[in-house]
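*Asks:* Provided below are the primary sequence and the corresponding predicted coordinates.
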Amino acid sequence: MDSLINSLHPETLISTFGFIGILTILFTETGLLVGMLFPGDSLLFLAGVGSSGAASQALGGVQLPLVGLLIGGPLSVIAGSQTGYFIGHKYGKKLFDRPNSRIFNQAKVAATEKWLKKYGIGKALLLARFTPFVRTLINPMCGIVGISQKKFFLWNSISAIIWVDGIVIAGYYLGEKIKGSVDTYLLPITLLIIFITTLPIFVELFREWRTKKDWS
């Protein structure tokens, strides 16, 4: 288990697979259900650092192309999300019609429909980008619940650009500012990003628990 966790650490992924590996991971995380294992937010942030002047002191010295990340990153996410949407639209009803499954079940479909009605497709997809697990599941869910292809593609593209480029640029500018002390700040900031992006999951779990408690 420890070896699996270490192999999925964003620094390890970047130093091992480089630029092409990052694009592949982004596609997998947003397009395939196994992608829930990947650390998208921290991966993008560290990729931004790896495209800055601090690259020689971090990530095994891997220098990443900033322009490539800003263009290729969103394209990979858009392609991955469209793949997830297609899977949900084509095969989702069979996949999620499992009453005993914790992840793939009709309760998740109902929760997604409720979330989409509450926020609308645009805001829902944007929020999902910054939330681990949800950014993987929401794409096939949109296919299942019947979000139109044109509307999904539009907001998929907009949210992908905001998510990828926003985090990459943040990592790049931080890397430029802390060139000489990257090791001091990198781990705390990465942990902070992980905490912030997982916080919505715990908030929703708490709300669900409170709702069940109120009805009991």
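*Replies:* Everything's here; your move.
*Asks:* in the chain, which spans are strands?
*Replies:* For the chain, applying DSSP state E gives no strands.
*Asks:* quick one: low-confidence ranges for it?
*Replies:* 1-8, 55-60, 93, 95-108, 179-216 (pLDDT under 70).
*Asks:* rerun at 80
*Replies:* Low-confidence segments of the chain (pLDDT under 80): 1-12, 15, 36-37, 39, 53-62, 92-115, 117-118, 178-216.
*Asks:* just the helices in it please.
*Replies:* Assigned by DSSP state H, the helices in the chain fall at 2-7, 10-31, 40-50, 66-96, 106-129, 134-145, 149-177, 182-215.
*Asks:* mind listing what's buried in stretch 143-152?
*Replies:* By neighbour count on 16 or more other CB atoms under 10 Å, the buried set for stretch 143-152 is 143-145, 147, 152. Every C-beta, even on glycine, is put in place using the N, C-alpha and C of the backbone.
*Asks:* again with stretch 19-39
*Replies:* Buried-residue list, stretch 19-39, by 16+ other CB under 10 Å: 19, 22-23, 25-33, 35-36, 38-39.
*Asks:* go on, stretch 150-159?
*Replies:* Quick answer for stretch 150-159 (16+ other CB under 10 Å): 152, 155-157, 159.
*Asks:* show residues contacting it.
*Replies:* 74, 78, 81-82, 85, 121-122, 125-126, 128-129, 139, 142-143 (CB atoms under 8 Å, 6 or more residues apart in numbering).
*Asks:* and which of these is nearest residue 91?
*Replies:* residue 143 (9.0 Å; CB to CB).
*Asks:* residues contacting the closest one?
*Replies:* 84-90, 92, 152.
*Asks:* run the last query once more with 7 Å
*Replies:* 85-89, 92 (CB atoms under 7 Å, 6 or more residues apart in numbering).
*Asks:* nearest to residue 15, out of those: which one, please.
*Replies:* residue 87 (30.8 Å).
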